[in-house]
Structure formats: structure tokens, C-alpha cells
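> give me the fold of what follows.
(one chain, ligands or ions: 2)
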Amino acid sequence: MAFETSCDETSVAVVDRGRVLSNIVASQTQLHEEYGGVVPELAAREHLRNLMPAAHAALKAARITTDRIDAVAATQGPGLPSALMTGLRAGETLAFVLRRPFFGIHHHEAHLYSPWIQGSPPQANFDEFAPNVSLIVSGGHTLLVYVEAELQHQVLGSTLDDAAGECFDKVGKMLGLAYPAGPIIDRLAAQGNPRAFDFPRPMISEPNHNFSFSGLKTSVRYFLRDRPGLADDAKALADLCASVQAAIVDVLVTKTLAAAKKFRVSCVTASGGVTCNRALRRQLESACTNAGHKLRLAQAELCTDNAAMIGILAERMLARKATGIPLDEDIKPGWQLTTRH
Ligand code: KG4
Ligand code: ZN
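Residues are numbered from 1 along each chain as shown. Ligands and ions are numbered 1, 2, ... in the order given. This is a model prediction of the structure:
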């Protein structure tokens, strides 16, 4: 049984030998909408409210009772500290009471496994897992990771400022769109011309694996300042959304493919909320086809934060007798996570 409460989704899952028996996600998006971003204190309180109902629902959907649980896992970090604490304590307490092993899971490490869980009901298959290069792209993070083998990963680079999802959301705010703006921009962009306006593609050709999106956000701010009222026109708004999206997606795809080439991997994977973006999915597909890489994109419900990926990683760790990482272990470029026996 697994718990995920790192940000604004309360999620509880039950997994069994790679099969996701249940994956309950109580999203708080609406709660935070009026603030234009996640409010940590509200998130923690909402997790406390939703956690036990989600746990009951996960057991019910999996058709099991707690005596069948072999191990318990929870996201240990990174995330909002007060939010993390709710799922972590629930998981540790359950493991303590049941006298079962507990796994504190690194949130990003779990994202690396989510593209390998596919189908309905979802089933994990790690046959051709490694090596691969993985893009983790959400509202909080933009990371490129080299996955050498199971439980052996190296972060190649990350964003130096805003995450890609944050850039979508902040640009959306400037355009008067609701939070989170990523899915709205995706929808509006479908009607627009991605070449209508030329926005910068920060760091796209730098020989490193880092990202930066705050300059792009600022250039959209100046662009709008110089053209008051432009976003009130539906066609111009669609063109603007398509052009900003194209800049973000170009950077993500180019840097992911450059890392895949450098590390000579045959497979590229992607997960995190922004992986729901249709232009990103399309462009990764065509770039990987052209370069001869296999591509594995997390399926929609497993792109965003979920406890299924936490449980699946815990199962792999259980099988390999590996233990969790210390809570204060942060993720940074060059950070290396080797097998922890
Ligand atoms: O992984 P996630 O649910 O939560 C964390 O940030 O951890 O990702 C949410 C982010 C938000 O920034 C949201 O705007 C973005 O993912 N997002 C999208 C799309 N769907 C979600 N961005 C662009 N296009 C989408 N279709
Ligand atoms: Zn995440």
C-alpha cells in the first residue's frame, strides 16, 4: 500500500507484483485555484481530510483488507514539508501497526518508473527498462535523468529557475487564465499558429542538461506590455498560446534528445504533469522516431502525481532488499543514487 502527498494530490494505491489494483487520487486543484498556486498550509489540511477516505477507497477498490499488506510506502521527499508529513506519518504508522517494512520513497525516482506502468488496469513491465534518459516535467520540477539500471539513476540537469509547468501557469496568469493554466494553454494552442510570435528558447543549444524558463516568462510579460489588449482577441490569444507552448516544448524536446544521444540510450521516457501536453507528446514522438529511440510516455493518470508509482518502486526495492533514502537527501545536478542495499 502506498501514499503520496508531496503537493496537491492526496493519493493512495495498492499494488501487487507490478499490477495496480487501485490508485485513488483526490485532487486539490480547485481548492488552490483562487490563489493561483498551491498554498502549503491549505494543502496539508486538505491531505489530512482526504487521506483516510482515500485509504479506505484504495483498499475497497483493490478488494483487500489490511491483513493482506506486505509492505507500506510513502513519498518521503522532495515536496511541501507539511504536506509530505501527512502521508509519511500515515504510512509509517500503518507499517508500525501491521509490523511490515516501510519504504520512504524519493518522489522523482518514482516518476522514473511511471512510464513503465501501462494499460487498464495498469501493469508494470520493466523488460527493456534501462538504460534510458528520462524527462520529469511538472509544476515543481524539470529534470533530465540518466537511468543506468534499476535503482541506479543520475540526475543530469534541472531547471535553474522556474519549472516548465510553472512557466505555463505563470504565462496563463498574465493572460487571465485559471490555475493551473497548462491544460488551458494546451487547448487554446490547438487553434493557434506556433510560428505567429517568436519567443526565446533559453539554453536550447548550451552543452549542458539544465533548463531555464524565467527569461521566457519575462519576454512574454514585455510582449504583452507592448501590445495591450492583444490577448482579448481570440485568434491572437490562440496564436500566443501556441507560440509560447512551442518555445517550451522545443527546449524540452531538444535537450532530452541531446541527452539521449550523449548517453547513447535506445529509450527515452517522460512523466510529470506537463507530459500531458499534446504538443510535447507529439514532438517527442516524432523526434524519437527520427533519432531511432524508443519512447515511453506515462499514460495520463500516471503523468501527474499518484501513489501507484510510489508503490511500484517500493515493490522493486522490496524485491532487491534495498532501503529508502534519508529525508534530507535533495535532488540536484550530479546527484547520484546508486543501489542501496
Ligand atoms: O505533476 P503535476 O500534477 O504536479 C506537480 O507540479 O507536481 O503537474 C502539474 C503541472 C501544472 O503546472 C500544470 O499546468 C501542468 O502540469 N500541466 C500541463 C498540462 N497538464 C498539466 N502543462 C501543459 N499542458 C498540459 N496539457
Ligand atoms: Zn511529481
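> name the single longest helix found in the protein.
helix 234-262 (DSSP state H).
> what's the following helix or strand after that helix?
Going down the chain from helix 234-262, the next helix or strand is strand 267-271, by DSSP states H and E.
> give me the mean pLDDT for that next one.
Averaged across strand 267-271, pLDDT comes to 98.
> name the residues that touch it?
111-112, 114-116, 128, 131-137, 147, 256-257, 260, 280, 284, 288, 293-298, 302-303, 309 (Cβ atoms under 8 Å, 6 or more residues apart in numbering). Yep, even glycine has a C-beta here, placed from its N, CA and C like the rest.
> among the residues you listed, which are located in helices?
Short answer: these in helices (DSSP H) are 111-112, 256-257, 260, 280, 284, 288, 302-303, 309.
> can you say which of the contacts of strand 267-271 are buried?
111-112, 114-116, 132-137, 147, 256-257, 260, 280, 284, 288, 293, 295-298, 302-303, 309 (16 or more other Cβ atoms under 10 Å).
> give me the residue from the stretch 1-150 of the chain nearest ligand 1.
Closest approach between the stretch 1-150 of the chain and ligand 1, counting by Cβ to the nearest ligand atom: G139, at 2.7 Å.
> after the one helix or strand L144 maps to, next one along is what?
L144 is part of strand 142-149 when elements are defined by DSSP H and E. Counting by DSSP H and E, the next helix or strand C-terminal to strand 142-149 is strand 152-158.
> where in the stretch 201-341 of the chain is pLDDT low?
Under the criterion pLDDT under 70, the flagged ranges of the stretch 201-341 of the chain are 323-341.
> quick check: residues of it near ligand 1?
272-274, 276-277, 304-305 (Cβ under 6 Å from any ligand atom).
> if we go to 5 Å?
272-274, 276-277, 304 (Cβ under 5 Å from any ligand atom).
> ok, the strand holding L144: who's next to it in the sheet?
strand 132-137 (antiparallel), strand 152-158 (antiparallel) (DSSP bridges).
> quick one: mean pLDDT over the longest one.
Averaging pLDDT along strand 152-158 gives 92.
> ok now that strand, how far from the chain's centre?
Counting by Cα atoms, centre = their mean, to the nearest Å, strand 152-158 is centred 15 Å from the centre of its parent chain.
> buried stuff in it?
For strand 152-158, by 16+ other Cβ under 10 Å, it's 153-158.
> OK, contacts around the closest residue to ligand 2 within the stretch 101-250 of the chain?
Using Cβ to the ion, the closest approach of the stretch 101-250 of the chain to ligand 2 is made by S138 at 4.7 Å. By Cβ under 8 Å, 6+ apart, the contact set of S138 is 163-165, 272-274, 304-305.
> quick check: pLDDT value at it.
94.
> would you map the helices across the stretch 51-200 of the chain?
81-98, 107-113, 164-174, 182-189 (DSSP state H, counting those that start in this stretch).
> which residues touch the closest residue to E92 other than its chain neighbours?
The shortest distance from E92 to any non-neighbouring residue, by Cβ to Cβ, 6 or more residues apart in numbering, is to F102 (5.5 Å). Contact analysis of F102 by Cβ under 8 Å, 6+ apart lists 71-74, 91-92, 95-96, 324.
> okay, and the beta partners of F102?
Beta-bridge partners, per DSSP bridges, of F102: V72.
> what number of residues lie near the nearest residue to the residue of the stretch 1-150 of the chain closest to ligand 1 once chain neighbours are set aside?
Computed as Cβ to Cβ, 6+ apart, the closest residue to G139 that is not its neighbour in sequence is G165, at 3.6 Å. Neighbours of G165 under the rule other Cβ atoms under 10 Å: 25.
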